[in-house]
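A.B. asks: Pasting a predicted model and its sequence here:
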Amino acid sequence: MSPFDMTNDRRVLAIEYALEEVKGLNKATQQSLQALLERLGPAPALNMQASLRCIPPIPTSAGRKKISLKPSPPLHFDGDRSAGKVFLMSCRTYIRLRSEAFNDDLVKIIWAMSYMNTGRAGRWATREFETEAQNGRLRFLDWLDFEEQFQKDFLPLNAEAVAVNTLETTDYFQRSRTVDAYLDQFRDLICDSGYSDPKTIVVKFRRGLDRQISMALAGMPVGRPSDKDPEAWFHLAVQLDQNRAADEAFHGQVQTFAVPLSLPSAPSDQTPTLMVIDPRFDARQMDMAALLETLESRLAGPVKEQPEAKEFLTPRRVARAMPSLANAKPPLPDDNRFSVLEVPELDATPEDPEAQPPPPVEPRTPRKPKWERRMARKLVIRSLEKDLRCIMVPIHLKTTDTMEEASTEAMVDTGATGDFVDQDFVNQAKLPT
């Protein structure tokens, strides 16, 4: 019976019968192979390093020299997980550019491990070489197996979860950094976290951006980027940050110093700084008897002693009892020109506690030059319409948010109390207000 004369049920039965025969043959083959392996016994350990077939270089034409690249080798790796990805990428780049120097994967692995000679990476490489000495081969099958083990031991265990947790906190915020530095960290976090929704990326970027820059971007009436275009937000944020830095540098070059006008002020309670006086002639540290004795020895004429009043005399009573002591100046000794006794003048009049301080003296107005005194007291430039008498100045406008530019003429003074601009000019130049 031909297959075309068979019904569908018979065709299905025939296919099932053929499959059963194929399964039986496969099972018998597996049993034969297993018996053969048991007879041969365990095979000696071999280094499963599959050599790669190198593509022969293209022959160069006669008279031309072959250019040999000299890429930079990777830096020494100490086992830091944050630098493991960079080290692995450097090894891949060097191997790709100098493929003729690596015959097989074993050479690649040993070459990469030669740069792992410090810290945790050095101890890891030492253990691998000790294992090779014991077993006769490395435990890595090929270069891909080495990369897999390297990523497991020297890359962050869960970089995606760490990046997601960082984006949910405030650790990645810009704060005092520039937008360029903030953007570099933000791109790394987005790449590690696996976020692909553009609107989510824009929300996270605006959340960590400086508040002034974020408000300026969000409040732009014209030219505001779409919420589904993260690259436009990145570019505009960097541009605004650069404009702000240039503006701060421009205004920081001109330093203005306000010179206060010196006016007489009310007497303060602060004690003025006193000069250093020899303790032998310091009247503040003497008792009354020593003070009187010193004054009597310094004065030209003898002073009559008043023994009955020594214990009760005060500086004011001494001034009243001996008026000659108040105004007399002691002579300077010839043997010591640095010892000068300062005798403060004692006021015999009682102090009035309710006495008011003297009124402040108004500062003198500087004298104006002759040509300025001849001018009127008030000069006004006032014009309501553009004519030959009004002063027009060419100006160039440039907005700080949308970078729109427009050139026109401006009137110096129209008599208005503030700055204004014509509504038709705003509509024509498309200026945000």
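C.D. replies: Yep, that arrived.
A.B. asks: Three-state assignment for Phe425, please.
C.D. replies: helix (DSSP: H, G, I helix; E, B strand; the rest coil).
A.B. asks: Please tell me I have it right and it contacts Thr408.
C.D. replies: Yes - between Phe425 and Thr408 a contact is recorded at 6.4 Å, counting by Cβ atoms under 8 Å. Any C-beta I mention is one placed from the backbone N, CA and C, and that applies to glycine too.
A.B. asks: following the helix or strand that contains Ala163, which helix or strand comes up?
C.D. replies: Taking DSSP states H and E as the definition, Ala163 sits inside helix 159-168. Using DSSP H and E, the helix or strand that follows helix 159-168 in sequence is helix 179-193.
A.B. asks: Go through that following helix and flag the buried ones.
C.D. replies: By neighbour count with 16 or more other Cβ atoms under 10 Å, helix 179-193 contains the buried residues Val179, Tyr182, Leu183, Gln185, Phe186, Leu189, Ile190, Asp192, Ser193.
A.B. asks: least trustworthy helix or strand in this structure by mean pLDDT?
C.D. replies: helix 323-327 (a mean of 51; mean pLDDT, DSSP states H and E).
A.B. asks: C-alpha coordinates for the helix or strand just after it, PDB please?
C.D. replies: Using DSSP H and E, the helix or strand that follows helix 323-327 in sequence is helix 370-373. Extracted in PDB, the C-alpha atoms of helix 370-373 (Å, rounded to 0.1, in the frame of the first residue of the first chain):
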ATOM      1  CA  LYS A 370      32.700 124.600  39.200                       C
ATOM      2  CA  TRP A 371      31.200 123.100  36.100                       C
ATOM      3  CA  GLU A 372      29.000 120.800  38.100                       C
ATOM      4  CA  ARG A 373      27.600 123.600  40.300                       C
END
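A.B. asks: where exactly do the helices run in the stretch 51-200 of the chain?
C.D. replies: Applying DSSP state H, counting those that start in this stretch to the stretch 51-200 of the chain gives helices spanning 84-97, 105-113, 119-135, 143-154, 159-168, 179-193, 198-208.
A.B. asks: hang on, the earlier thing: out of the buried residues of helix 179-193, the closest to Pro394 would be?
C.D. replies: Taking Cβ to Cβ as the measure, Pro394 lies nearest Val179 of the buried residues of helix 179-193, at 34.7 Å.
A.B. asks: Can you give me the distance of that closest one to Met220?
C.D. replies: Using Cβ to Cβ, to the nearest Å, one gets 16 Å for the distance from Val179 to Met220.
A.B. asks: pLDDT weak spots in the stretch 201-350 of the chain?
C.D. replies: 253-281, 283, 299-350 (pLDDT under 70).
A.B. asks: check which helix or strand covers Ala249.
C.D. replies: Per DSSP H and E, Ala249 falls inside helix 230-252.
A.B. asks: Run through who's touching that helix.
C.D. replies: Residues from elsewhere that reach helix 230-252 (Cβ atoms under 8 Å, 6 or more residues apart in numbering): 178-180, 183, 198, 201-202, 205-206, 209-210, 212-213, 216-217, 225-226, 400-401, 403.
A.B. asks: Give me the buried subset of the residues you listed.
C.D. replies: The buried subset of the contacts of helix 230-252 - by 16+ other Cβ under 10 Å - is 179, 183, 201-202, 205-206, 209-210, 213, 216-217, 225, 401.
A.B. asks: With distance to Phe77 as added columns, please give those in TSV.
C.D. replies: Output for the buried ones among the contacts of helix 230-252, formatted as TSV (distance: Cβ to Cβ, whole Å):
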residue	distance to Phe77
Val179	32
Leu183	28
Ile201	32
Val202	36
Phe205	32
Arg206	37
Leu209	35
Asp210	36
Ile213	38
Ala216	43
Leu217	41
Pro225	41
Asp401	47
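A.B. asks: Of those residues, which is the nearest to Gln151?
C.D. replies: The closest of the buried ones among the contacts of helix 230-252 to Gln151 turns out to be Ile201 (Cβ to Cβ; 25.8 Å).
A.B. asks: and the gap between that closest one and Met215?
C.D. replies: 19 Å.
A.B. asks: Would you mark the buried spots in the helix holding Ala249?
C.D. replies: Applying 16+ other Cβ under 10 Å to helix 230-252 flags Pro230, Ala232, Trp233, Phe234, Leu236, Ala237, Val238, Leu240, Asp241, Arg244 as buried.
A.B. asks: And stretch 26-40, by the same measure?
C.D. replies: In stretch 26-40, no residue is buried by neighbour count (16+ other Cβ under 10 Å).
A.B. asks: So for it, mean pLDDT?
C.D. replies: For stretch 26-40, mean pLDDT rounds to 82.
A.B. asks: helix/strand/coil for Ala410?
C.D. replies: Per three-state DSSP, Ala410 ends up strand.
A.B. asks: returning to that earlier point: pick the most deeply packed of the helices of the stretch 51-200 of the chain.
C.D. replies: helix 105-113 (a mean of 20; mean count of other Cβ atoms under 10 Å).
A.B. asks: Which strands or helices does it pack on?
C.D. replies: helix 84-97, helix 119-135, helix 143-154 (3 or more Cβ pairs under 8 Å, 6 or more residues apart in numbering; DSSP states H and E).
A.B. asks: Send over the first one as CSV, restricted to the C-alpha atoms.
C.D. replies: Taking only C-alpha atoms (Å, rounded to 0.1, in the frame of the first residue of the first chain), the coordinates of helix 84-97 have been written out as CSV:
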residue,chain,number,x,y,z
GLY,A,84,37.5,44.2,38.0
LYS,A,85,35.4,45.2,35.0
VAL,A,86,38.0,47.7,33.8
PHE,A,87,40.8,45.1,34.1
LEU,A,88,38.9,42.5,32.2
MET,A,89,38.1,44.9,29.4
SER,A,90,41.7,46.0,29.2
CYS,A,91,42.8,42.4,28.8
ARG,A,92,40.2,41.8,26.0
THR,A,93,41.4,44.9,24.1
TYR,A,94,45.0,44.0,24.3
ILE,A,95,44.4,40.4,23.2
ARG,A,96,42.3,41.6,20.3
LEU,A,97,44.9,44.1,19.0
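A.B. asks: Alright, that wraps it up for me.
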